[in-house]
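please find the sequence and the predicted model below.
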There are 2 protein chains.
Amino acid sequence: MPPDPARERLSRERVLTAAVAFADTHGLDAVSMRRLAADLDVVPMALYKHVSDKEALLDGMADLALAELGPLVDQDDWRATVRARILAARELLLRHRWLRRVLETRPRQTPTMLAYLDSLIAVFRRSGFSDALTHHVMHALGSRAWGFTQELFDDPNPAPPPSPEQLIQLSQAFPHVAAMAGVAGHVDESVVGRGCDDQFEFEFALDLILDGIAERQSAGWEPPVR
Amino acid sequence: MPPDPARERLSRERVLTAAVAFADTHGLDAVSMRRLAADLDVVPMALYKHVSDKEALLDGMADLALAELGPLVDQDDWRATVRARILAARELLLRHRWLRRVLETRPRQTPTMLAYLDSLIAVFRRSGFSDALTHHVMHALGSRAWGFTQELFDDPNPAPPPSPEQLIQLSQAFPHVAAMAGVAGHVDESVVGRGCDDQFEFEFALDLILDGIAERQSAGWEPPVR
DNA sequence: ACCTGAACACCGTTCAAGT
DNA sequence: ACCTGAACACCGTTCAAGT
């Protein structure tokens, strides 16, 4: 049979775009080489011409999604710049719910990931932070620099809410968790559970850390001699 | 053939203990139902009598490892107590390198996980923190409450160090990353890479956050009215 | 140069049977 | 009550062949 002329040729770009769309709609767990191939109307092995293996596919997906971020925009001062940049990254991660888990599992930073970090680090260095302080400060931000926290789960099928009986049992066994969670209006979600990492939580923690960073810097923090 | 009397009977405890030991020595990726069964000299399906599925196995492994932590020990004040507790958890995670990834992927908290969080939350509440502040403060700690950060990878096969040529290329493309990393004496490790999340880094960030928490509390922080 | 087909070495898990 | 064996529906990836 002659190749169907109506069928678009495969390309790395087409593979990655399809993979991102597939993950957006079906979740990361559904992304397999075989299913992606089926989605593209192609035999599994056809993908390997454009992507060396599954890890490379995930790298490419991360790069493609991160490209949506665009260049860093300077604000009034380092604090506002870093804050806005991180909140923008957070919005990206909320648009692509699978991205957090992909970033977490990259054994090496992709160039796009490095470029993102470079742009953040640049803000601190240009604002007079020492290289040592910049280094520690980036560690203090940790994954929050990417706009996510451990709470932001990518669970495709959230667990059903516990029954009233279970709730009573839980709050007897773990009274402090219950009291603390109750205040936030979601007794059904545990501290590091999913669902309560809303904008307010994220900004509270981010500002707390930015305050700490500002304090270290204005106090002229220096690395301990050893 | 009669059952070999010398062969110890399987039990949930024996399965979990073997799984923990197996993960300790071979890494998490090596833990499969089939390989664990082979390790126990048993057919794969024999495990399912003691553990309902693989997720339950991972839950059990987490519980067993976390049990090593023991009860919380009170120190001079909330700050010292929380600090010591978190550093103890960190040491546990360093002993069981697979545990971080298992904790991260639990869709629901196991009872042992909840008990750990409960003990931490109790410290804040007993020290006069409001429930609302306690809630936000636990979020600010995030995964650091478990003694890990995004930097603490469980990579069984660390990537080879880049060649000098690659290093030069990298530092030209990402000058700020290079400058910042250089100061810490490990140009070969990127910011969120593995290997530089040493004790000092962790304590720097932890203390920065504890400072922020102490500041919020002594300032009488209250949730915004809405 | 790009895609295909069959095969290999793995998974987790079900079902029906053995002791 | 506990373990077994064969089977099912999946994986990622190799190799040799087609066009």
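Yep, that arrived. Predicted model, so just to flag it, every value in this text is computed and none were measured.

quickly find the element holding residue A:63.
Remark: residue A:63 resides in helix A:54-66, with elements defined by DSSP states H and E.

quick one: contacts of whatever helix or strand comes next after that helix?
Sequence order places helix A:78-95 as the next helix or strand after helix A:54-66, per DSSP H and E. For helix A:78-95, the external contacting residues (Cβ atoms under 8 Å, 6 or more residues apart in numbering or on different chains) are A:65-66, A:68-69, A:72-75, A:99-100, A:116, A:119-120, A:123-124, A:126-127, A:129, A:141, A:144-148, A:152, A:202-203, A:206-207, A:210, A:214. (Each C-beta comes from the backbone N, C-alpha and C, glycine too.)

just the buried members of these?
A:65-66, A:69, A:72, A:99-100, A:116, A:119-120, A:123-124, A:129, A:141, A:144-148, A:152, A:202, A:206, A:210 (16 or more other Cβ atoms under 10 Å in any protein chain shown).

in helices only, show me the residues you listed.
Those of the buried ones among the contacts of helix A:78-95 mapping onto helices are A:65-66, A:99-100, A:116, A:119-120, A:123-124, A:141, A:202, A:206, A:210, per DSSP state H.

report the buried residues of stretch A:216-226.
A:216, A:217, A:221.

what do you get for stretch A:84-94?
So, applying 16+ other Cβ under 10 Å, buried residues of stretch A:84-94: A:85, A:86, A:89, A:90, A:92, A:93.

so who does residue A:210 touch?
For residue A:210, the contacting residues are A:79, A:82, A:83, by Cβ under 8 Å, 6+ apart.

of these, which is the nearest to DNA strand C?
Using Cβ to the nearest atom of the strand, residue A:82 is the member of the contacts of residue A:210 that lies nearest DNA strand C, at 41.5 Å.

how about the residues of chain A near DNA strand D?
Within reach of DNA strand D by Cβ under 7 Å from any atom of the strand, chain A has these residues: A:2-3, A:31-35, A:44-45, A:48, A:53-55.

and those, which are buried?
Among the residues of chain A next to DNA strand D, the ones that count as buried (16+ other Cβ under 10 Å) are A:31, A:33.

between the residues of chain A next to DNA strand D, which is closest to chain B?
residue A:55 (11.9 Å; Cβ to the nearest Cβ).

look at the closest one and report its pLDDT.
Note on residue A:55: pLDDT of 96.

against DNA strand D, how distant is the residue most central in space within chain A?
The centroid of chain A falls nearest to residue A:100 when counting by Cα atoms, centre = their mean (3.3 Å). Distance, residue A:100 to DNA strand D, using Cβ to the nearest atom of the strand, to the nearest Å: 19 Å.

so that residue touches residue A:148, yeah?
Yes. Counting by Cβ atoms under 8 Å, residue A:148 is a contact partner of residue A:100 at 4.8 Å.

chain center to the helix or strand bottoming out on mean pLDDT in chain A: distance?
When each helix and strand of chain A is scored by mean pLDDT, DSSP states H and E, helix A:175-183 comes last, with a mean of 83. In terms of Cα atoms, centre = their mean, to the nearest Å, the centre of helix A:175-183 is found 28 Å from the chain centre.

also stretch A:31-39?
Centre to centre, stretch against its chain (Cα atoms, centre = their mean), the figure for stretch A:31-39 is 23 Å.

domain parsing for chain A?
Using automatic domain parsing, the domain parsing of chain A gives A:12-51, A:71-153+A:189-218.

buried set for the shortest one?
In terms of neighbour count (16+ other Cβ under 10 Å), domain A:12-51 has its buried residues at A:15-16, A:18-20, A:22-23, A:27-28, A:31, A:33, A:36-37, A:40, A:42, A:47, A:50-51.
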